[in-house]
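Peer 1: My questions are about this predicted structure, shown below with the sequence.
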2 protein chains.
Amino acid sequence: MINKLAIIGVGLIGGSLARALRQSGHVGDVVGFGRSLGKLQTAVDLGVIDRVEVSLAATVRGADMVVVAVPVATIKPILSELAPLMVDGAVVTDIGSVKGVVVQAAREALGARYAVFVPGHPIAGTEHSGVVASQAELFQGHHVILTPDNDTDPAALARVRAMWQATGADVLIMSVVQHDEILAACSHLPHMLAYALVDMLVRRDDHKKTFDLAAGGFRDFTRIASSDPVMWRDICVGNSDALVRVLQAYRDNLDVLISAIVRGDADWLEETFNRAKRARDEYIKRDG
Amino acid sequence: MINKLAIIGVGLIGGSLARALRQSGHVGDVVGFGRSLGKLQTAVDLGVIDRVEVSLAATVRGADMVVVAVPVATIKPILSELAPLMVDGAVVTDIGSVKGVVVQAAREALGARYAVFVPGHPIAGTEHSGVVASQAELFQGHHVILTPDNDTDPAALARVRAMWQATGADVLIMSVVQHDEILAACSHLPHMLAYALVDMLVRRDDHKKTFDLAAGGFRDFTRIASSDPVMWRDICVGNSDALVRVLQAYRDNLDVLISAIVRGDADWLEETFNRAKRARDEYIKRDG
């Protein structure tokens, strides 16, 4: 149970977390803070948060849980501002899609207070952003990854874990490195591929006709290209090593495919497409 | 109005066409032919076709419309077999996803009868195949592209156009070359990218965890990797020139993106993602 939840950045994730915790009765008071007073007012109007504070100090005063739900590049300045305001018993967590840079930023910003910071990443979202898109069910049945290390306070970890479990999420613990490697492959890479495709097609002379003739597959394939550009910019910068590695591996894989098409290797193509189809069908079956 | 419709290959597209024409009252008798008697029986049981013939000759006897709805690589042998069986007044069309190789095959197979062949391509489908996935509404609001040339009989073209319009489709006429260029970009390329991604991920040591942690975006992004491998093998072989061109352009585009990530060019990344998002959002808005 959280007595006072402070949400810094009441967007899709922060807003959905507040809704979910309220619905499950896991939270008392929910206070929001952010850059845009207009958006915070919307969050109040929607009943997502109870009230808005005009300073970070007032927002976190008395809070036993502080969720920093801002773009990755903004986490460090927020944590630096937070550090002198933190009182005993308060736990801090984030929702950033990359964890290496966040952990480094948290160590630098929080110093001796680092132990109460629990790095987190809910694997959920939509291509829409903002509190108006938030929903209490967003995390149900989804994974939330926490990446504590030897310096993380076990009690802080337990409280963040309990918070996410109250939203219906399935909490996984893994290392920062493993998180950033795997997410580069299964999330960051597909986003880059979708952005690169749309960006390439839009620069064609016949792009209007090209988009017009695209079928449903194209719509699904490119859905993630409608995601928040600032968030994805930060992910690229924040997880560049792992992301570049998988992008290069993908480009090499594409070269092999291009060669097979050039030499008209029907057997290789059918076999490769079959293997991919089986893997994807199995993933969908397991995922339910 | 079609008196007797002969469908060679009663799968997703052939079956959906039969259902749509029946629903709109645009067809009398529907006869099916194919390799698998079991699947044809299913088509009869589902009410998609009226009956099955055991020979191609009996199937097309008296038919005023013959739809060849088989994989691209199978179109030529079917047309060769059809050529001596065709009577005056019968029109033949296909549903192949590539048109250059089909037109060449039709010219070779049909000879002087080529005039009554109308190359067609409905831009509709799902990742499921087979007559059990067929539905009368599949083409509603979708484009069907016809690629006639100077040798095509205008009356044959008019009848094929009327048939597709009766399914609720929006019929477009364009050249073979334009069709194959545009489809390479908006359909064939995304399919290749999805296959290459799934194929790459499945070969990772941690692929179970990677698939497990993939979010909804990945599911959508890779949906088309569950498409029919034989169909896509044929498309690669049949449209290799245009496909290789867009694949190479895409790979070059990916290299530019990789360079931007390597040098940490946040401005370039945000701008590029923004441009892609705007284009994709606009496409979705226009597409309704």
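Peer 2: Here it is on my side, so go on.

Peer 1: could you pull out the helices for chain A?
Peer 2: In chain A, the helices defined using DSSP state H lie at A:12-23, A:37-45, A:56-60, A:72-82, A:100-110, A:154-166, A:176-183, A:189-202, A:207-213, A:216-221, A:229-238, A:240-262, A:266-287.

Peer 1: From the chain's centroid, how far away is the longest one?
Peer 2: Here the centre of helix A:240-262 is set off from its chain's centre by 25 Å, with CA atoms, centre = their mean, to the nearest Å.

Peer 1: what do you get for the third one?
Peer 2: Relative to its parent chain, helix A:56-60 has a centroid offset of 24 Å by CA atoms, centre = their mean.

Peer 1: May I have that helix as CSV, with CA atoms only?
Peer 2: Output of helix A:56-60 as CSV, limited to C-alpha atoms (Å, rounded to 0.1, in the frame of the first residue of the first chain):
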residue,chain,number,x,y,z
LEU,A,56,8.8,19.4,-7.0
ALA,A,57,9.5,19.9,-3.3
ALA,A,58,5.8,20.1,-2.5
THR,A,59,5.1,17.1,-4.8
VAL,A,60,7.4,14.7,-3.0
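
Peer 1: What helices and strands are in contact with that helix?
Peer 2: strand A:2-8, strand A:27-33, helix A:72-82 (3 or more CB pairs under 8 Å, 6 or more residues apart in numbering or on different chains; DSSP states H and E). Where you see a C-beta, it was placed from the backbone N, CA and C, and this is true even at glycine.

Peer 1: hmm, back to that, by mean pLDDT, show me the worst of the helices of chain A.
Peer 2: Note on the helices of chain A: helix A:216-221 shows the lowest mean pLDDT, a mean of 76.

Peer 1: Which positions within that helix qualify as buried?
Peer 2: Counting neighbours by 16 or more other CB atoms under 10 Å in any protein chain shown, one finds that the buried residues in helix A:216-221 are A:G216, A:G217, A:F218, A:D220, A:F221.

Peer 1: Of the residues you listed, which ones also sit close to chain B?
Peer 2: A:G216, A:G217, A:F218, A:D220, A:F221 (CB under 8 Å from any CB of the partner chain).

Peer 1: closest to A:W164 among these?
Peer 2: A:D220 (28.2 Å; CB to CB).

Peer 1: roughly how far apart are that closest one and B:F221?
Peer 2: For A:D220, the distance to B:F221 (CB to CB, to the nearest Å) stands at 7 Å.

Peer 1: picking that back up, now the buried residues of helix A:216-221 as JSON lines including distance to B:S129?
Peer 2: Shown next, in JSON lines, are those (distance: CB to CB, whole Å):
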{"residue": "A:G216", "distance to B:S129": "15"}
{"residue": "A:G217", "distance to B:S129": "14"}
{"residue": "A:F218", "distance to B:S129": "19"}
{"residue": "A:D220", "distance to B:S129": "17"}
{"residue": "A:F221", "distance to B:S129": "18"}
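
Peer 1: Dump the helices and strands packed on helix A:56-60 to a markdown table, plus distance to chain B and mean neighbour count.
Peer 2: Output for these, formatted as a markdown table (distance: least, CB to the nearest CB, whole Å; neighbours: other CB atoms under 10 Å in any protein chain shown):
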| stretch | distance to chain B | mean neighbour count |
| --- | --- | --- |
| strand A:2-8 | 22 | 23 |
| strand A:27-33 | 24 | 22 |
| helix A:72-82 | 8 | 19 |
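
Peer 1: how about those in a markdown table, adding distance to B:M200?
Peer 2: As requested, the helices and strands packed on helix A:56-60 are arranged in a markdown table below (distance: least, CB to CB, whole Å):
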| stretch | distance to B:M200 |
| --- | --- |
| strand A:2-8 | 37 |
| strand A:27-33 | 41 |
| helix A:72-82 | 25 |
